[in-house]
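# Provide a 3D model corresponding to the input given below.
(one chain, ligands or ions: 1)
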Amino acid sequence: MAAAAAATTTQMDNTRSLSSISSTSSLLFTRTNEFYKIQNRVKFKSPRALSIRATSSDSVVTLLDYGAGNVRSVRNAIRHLGFGIKDVQTPEDILNANRLIFPGVGAFAAAMDVLNKTGMAEALCAYIEKDRPFLGICLGLQLLFQSSEENGPVNGLGLIPGVVGRFDSSNGFRVPQIGWNALQITKDSEILDDVGDHHVYFVHSYRAMPSDDNKEWVSSTCNYGDNFIASVRRGNVHAVQFHPEKSGDVGLSVLRRFLHPKTNIPKVAFVIACLDVRANDKGDLVVTKGDQYDVREHTKENEVRNLGKPVELARQYYKEGADEISFLNITGFRDFPLGDLPMLQVLRLTSENVFVPLTVGGGIRDFTDANGRHYSSLEVASEYFRSGADKISIGSDAVYAAEDYLKTGVKTGKSSLEQISRVYGNQAVVVSIDPRRVYITHPNDVEFKAVRVTDLGPNGEEYAWYQCTVGILCFIVTFLFVHTATQSDKAVNGGREGRPIGAYELAKAVEDLGAGEILLNCIDCDGQGKGFDMDLIKLISDAVSIPVIASSGAGAVEHFSDVFRKTNASAALAAGIFHRKEVPIQSVKEHLYKEGIEVRI
Ligand code: 1PR
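Numbers count the residues shown, from 1 in each chain. This next block holds a predicted model:
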């Protein structure tokens with residue numbers, strides 16, 4: 001038995017979480033000689049066909065309690081630290097967790113039996129392999145290994161090399177180990193920062209042993225007759241053999257560190273200057289800037305706002321210290337970038353004397369021109385790369401690819417995102433997300449991930465989801481095109497169409513499909529100068545493990561330090577304040593430096 005803490009289990013505890021599961025799946029366990037038998041099979045969807053859907057709220061930790069023991073103390077400790085608990089009821093709940101705790105209790109074989117039969121084993125592996133925040137406790141550590149000798153050999157989840165074996169009692173140590181013991185920390189484990197020489201509480205008969213094969217995982221060991229693995233850590237995945245919920249203040253601090261990880265202030269914060277580029281009504285390529293994506297002046301002529309020349313401004317921002325320049329060809333989706341030779345020329349000229357990364361986006365999709373010549377998105381991207389881009393950014397086409405992927409669960413390999421990242425590498429592919437905030441009264445009002453908003457909606461709504469948008473296409477022959485395009489962007493909503501997918505679902509899907517970075521805009525905040533949408537940026541930067549660029553709304557230097565301190569954004573992008581010379585790039589960097597956030601000088 002791995003967790004003697006389970007000995008205190010009452011039958012009520014055993015069935016508590018099951019009652020919630022059984023309400024939908026008629027799952028019943030009985031306890032017989034340390035084994036839990038499944039009497040009725042659970043009918044979960046195959047995890048392979050799972051779609052990524054919303055869970056409820058943010059300060060909630062997901063708990064995998066498969067009903068085989070007493071996890072009440074873990075629940076109490078989580079609540080004590082100010083977190084709500086969402087119980088896993090389906091494998092999808094695991095995949096959608098923001099932060100998952102697995103306090104394994106009971107016997108190894110019985111636990112694996114449940115995990116395999118419910119499809120949760122596969123979901124757990126997928127979750128952990130994606131480096132999502134995970135904390136396994138006791139058996140929740142052992143199950144990560146290849147196998148266990150407990151009533152076995154029995155296969156485990158197979159994520160960590162090694163066999164879990166029984167303590168050797170021949171050397172006089174009583175088995176199980178029930179009591180307090182000290183850890184030897186072997187590597188930076190983040191959640192063990194406070195533990196030092198303090199003692200923590202163990203209850204177990206079986207343990208995993210450190211070896212060359214698993215040394216990259218082992219974060220601490222402990223001695224009980226022999227040196228066994230007391231904790232493992234890789235990236236966001238943690239597991240401990242001891243019981244933090246029974247280890248006094250030291251244990252609570254371990255849990256606290258897992259629940260409230262240090263905000264990941266990037267090693268060196270990036271400041272990006274963004275140039276939204278398009279042809280004005282005379283056909284000249286200009287840098288423009290919208291208010292909530294409306295780039296036209298509110299004058300009688302209603303002309304496209306012109307804030308300067310793209311190459312000149314890019315050079316100026318480079319000299320002022322921009323760490324990266326982004327060009328967004330904002331009408332590229334409905335126009336065709338390879339027909340937009342001035343944009344390629346802008347890239348060529350800019351790259352001649354701008355020596356920081358250049359990203360270019362707009363219009364990356366398959367296209368057939370008026371003569372019937374077909375261009376693949378890969379050809380479009382290749383042309384951008386040949387002209388001097390280091391990264392390309394895909395907006396609308398990534399939305400369609402993500403929608404298809406979430407519908408079918410199949411990666412076809414044919415989307416622009418997949419094709420370009422396969423050829424040029426993930427690091428060269430940014431996905432630009434252009435969401436709009438949609439207020440709702442309750443998170444369950446929509447099937448998309450919703451957040452509790454910091455500022456209430458116009459009717460006092462406490463929640464919002466972020467609806468993705470795409471550029472509106474015009475299937476019009478070329479000679480009508482300029483006129484039609486002009487009409488369409490004069491239309492409401494900045495000429496953009498809402499799609500049935502949220503920013504959270506999109507971000508997770510495009511990460512799966514091979515995006516290397518996310519450029520996270522927010523239509524509501526664009527050009528408003530009131531600060532980034534922290535609710536949105538936190539939501540997305542916590543959900544994915546690829547870098548997230550915070551964009552839209554910067555109006556003061558403090559907005560940059562805020563976004564780096566309060567979210568996991570890796571970079572911050574601004575446009576209007578730089579174009580209008582309200583806040584120079586240098587001031588942003590000086591401010592970040594003063595705030596203790598490292599920047600490139
Ligand atoms: O859909 O692949 O062709 O890509 C089109 C690209 O053009 C997308 O990246 C999309 O974000 C961008 N885009 C489309 N329409 C507009 C528009 O403004 N009408 N610009 C547009 C988006 C948003 C930000 C802006 C920040 C910072 N621009 O990039 O720079 O909001 O602004 P701020 O600091 O002034 O608040 P596809």
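# near the ligand, which residues of the stretch 401-550 of the chain?
S432, D434, G471, G494, N521, D526, G527 (Cβ under 6 Å from any ligand atom). (Glycine included, C-beta is placed from N, CA and C.)
# and the furthest pair within those residues?
Farthest-apart pair in those is G471 and G527; separation 17.7 Å (Cβ to Cβ).
# coming back round to it: now secondary structure, distance to R72 and neighbour count too, for the residues of the stretch 401-550 of the chain next to the ligand, in a markdown table please.
Output for these, formatted as a markdown table (DSSP: H, G, I helix; E, B strand; the rest coil; distance: Cβ to Cβ, whole Å; neighbours: other Cβ atoms under 10 Å):
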| residue | secondary structure | distance to R72 | neighbour count |
| --- | --- | --- | --- |
| S432 | strand | 46 | 24 |
| D434 | coil | 45 | 26 |
| G471 | strand | 52 | 25 |
| G494 | helix | 52 | 22 |
| N521 | coil | 44 | 27 |
| D526 | coil | 48 | 22 |
| G527 | coil | 51 | 21 |
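# what about the residue in the stretch 451-600 of the chain positioned nearest to the ligand, how many neighbours?
Proximity of the stretch 451-600 of the chain to the ligand (Cβ to the nearest ligand atom) peaks at G576, 2.9 Å away. Residue crowding around G576 was assessed by other Cβ atoms under 10 Å; the count is 22.
# by pLDDT, give me the weakest of the residues of the stretch 401-550 of the chain next to the ligand.
The member of these with the lowest pLDDT is G494, at 57.
# need the contact list for the closest residue to the ligand within the stretch 201-350 of the chain.
Across the stretch 201-350 of the chain, the shortest distance to the ligand (Cβ to the nearest ligand atom) belongs to F333, at 3.1 Å. By Cβ atoms under 8 Å, 6 or more residues apart in numbering, the contact set of F333 is G362, G363, R365, G395, S396, D397, V470, G471, L473.
# and K538, helix, strand or coil?
Classification of K538 using DSSP: H, G, I helix; E, B strand; the rest coil returns helix.
# N568 is in contact with that one, correct?
Yes. With contact defined as Cβ atoms under 8 Å, K538 counts as touching N568 (7.5 Å).
# is I420 in a helix, a strand, or coil?
State at I420, reduced to three classes by three-state DSSP: helix.
# with adjacent residues omitted, what lies nearest to G516?
Spatial nearest neighbour of G516, excluding adjacent residues (Cβ to Cβ, 6 or more residues apart in numbering): N426 at 3.6 Å.
# so who does that neighbour touch?
N426 neighbours (Cβ under 8 Å, 6+ apart): G514, A515, G516, I546.
# farthest pair in these?
G514 and I546 (9.8 Å).
# looking at the contacts of N426, which has the most residues close by?
Most neighbours among those, by other Cβ under 10 Å: A515, with 29 neighbours.
# nearest residue to that one other than its sequence neighbours?
V431 (4.3 Å).
# just M209 next, same as before
Nearest residue to M209 in three dimensions, chain neighbours excluded: F228, at 5.9 Å (Cβ to Cβ, 6+ apart).
# which residues does the one you found contact?
F167, R207, A208, M209, P210, T221, C222, Q241.
# which of the residues you listed fall in strands?
If you go by DSSP state E, the contacts of F228 have R207, A208, T221, C222 in strands.
# can you redo those residues as CSV with neighbour count?
Listed next are the ones in strands among the contacts of F228 as CSV, based on neighbours: other Cβ atoms under 10 Å:
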residue, neighbour count
R207, 25
A208, 27
T221, 19
C222, 21
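# of all the residues you listed, which two lie farthest apart?
A208 and C222 (11.3 Å).
# what touches both of these two?
Common neighbours of A208 and C222 (Cβ under 8 Å, 6+ apart) are F228, Q241.
# how about the contacts made by S211?
P161, G162.
# and if we set it to 7 Å?
Residues near S211 by Cβ atoms under 7 Å, 6 or more residues apart in numbering: G162.
# ok, I191 next?
Counted by Cβ under 7 Å, 6+ apart, I191 has contacts H238, V254, R257, F258.
# in a helix, it, correct?
No. I191 is assigned coil when assessed by three-state DSSP, not a helix.
# pLDDT at it, what is it?
With respect to pLDDT, I191 scores 89.
# number of nearby residues for N353?
By the other Cβ under 10 Å criterion, the neighbourhood of N353 contains 11 residues.
# kindly report the same for D213.
Neighbourhood size, D213 [other Cβ under 10 Å]: 11.
# next one: the one 5 residues further on
Neighbour count of V218, defined by other Cβ under 10 Å: 24.
# without its sequence neighbours, what residue ends up closest to it?
Leaving aside its chain neighbours, V218 sits nearest to P210 (4.9 Å; criterion: Cβ to Cβ, 6+ apart).
# just R348 next, same as before
Computed as Cβ to Cβ, 6+ apart, the closest residue to R348 that is not its neighbour in sequence is S387, at 5.0 Å.
# next up, the contacts around that neighbour.
L344, L347, R348.
# in PyMOL, select just the buried ones from the residues you listed.
Here is the PyMOL command that selects only those of those that count as buried (16 or more other Cβ atoms under 10 Å):
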select buried, resi 344+347
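# and the contacts of S387 as CSV, adding distance to Y439, secondary structure and pLDDT?
Shown next, in CSV, are the contacts of S387 (distance: Cβ to Cβ, whole Å; DSSP: H, G, I helix; E, B strand; the rest coil; pLDDT from 0 to 100):
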residue, distance to Y439, secondary structure, pLDDT
L344, 41, helix, 90
L347, 39, helix, 92
R348, 44, helix, 93
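# need the contacts of S387 in JSON lines with distance to the ligand, can you?
Shown next, in JSON lines, are the contacts of S387 (distance: Cβ to the nearest ligand atom, whole Å):
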{"residue": "L344", "distance to the ligand": "15"}
{"residue": "L347", "distance to the ligand": "15"}
{"residue": "R348", "distance to the ligand": "20"}
